[in-house]
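>>> Return atomic coordinates for the entry below.
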Amino acid sequence: MIFKKKITSAIRAIKISNERGARASLVEELFYDFNRSRSQVYVMNFVRGIFFGAGSVIGGTLVIGLIIWVLSLLGHVIPPLGDFFESLTTTLKSTGR
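Here you go, the predicted model:
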């Protein structure tokens with residue numbers, strides 16, 4: 001009885017190991033089907049990095065622009081805030097070249 005349980009657990013472990021190995025080899029085959037050479041992988045990652053950086057800059061610019069726009073709207077609603085922004089704008093214009 002104990003011997004039979006050991007054999008059953010060994011067979012189960014072998015099945016799990018074979019399944020993991022098959023999955024790993026399938027993932028490797030898919031990777032190599034899409035990427036034939038290392039240089040192609042490097043170029044693809046470089047291009048992805050360029051677009052990620054550009055997207056981050058554009059997104060940050062849009063968010064900052066949106067914040068400035070909302071604050072300018074609030075400057076008309078809340079007078080002390082408007083005075084602060086006006087003095088800030090005057091200071092920036094006077095120090096600008």
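>>> In stretch 74-85, which residues are buried?
Gly75, Phe85 (16 or more other C-beta atoms under 10 Å). C-beta: built from backbone N, CA, C; applies to glycine.
>>> So for that stretch, mean pLDDT?
The average pLDDT within stretch 74-85 is 78.
>>> okay, that stretch in CSV with CA atoms only?
Output in CSV follows, covering the C-alpha atoms of stretch 74-85 (Å, rounded to 0.1, in the frame of the first residue of the first chain):
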residue,chain,number,x,y,z
LEU,A,74,-9.9,79.0,-10.1
GLY,A,75,-8.0,82.3,-10.1
HIS,A,76,-11.2,84.0,-11.5
VAL,A,77,-13.4,82.3,-8.9
ILE,A,78,-11.2,82.8,-5.8
PRO,A,79,-9.8,86.4,-5.9
PRO,A,80,-6.8,85.9,-3.5
LEU,A,81,-5.7,83.0,-5.7
GLY,A,82,-6.0,85.2,-8.8
ASP,A,83,-3.9,87.9,-7.2
PHE,A,84,-1.2,85.4,-6.4
PHE,A,85,-1.1,84.0,-9.9
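>>> Other residues contacting it?
Stretch 74-85 has contacts (C-beta atoms under 8 Å, 6 or more residues apart in numbering) with Leu71, Ser72, Glu86.
>>> Those in helices, which ones?
Judged by DSSP state H, the contacts of stretch 74-85 include Leu71, Ser72, Glu86 as members of helices.
>>> Could you measure from the last one over to Gly55?
From Glu86 across to Gly55, the span is 34 Å (C-beta to C-beta, to the nearest Å).
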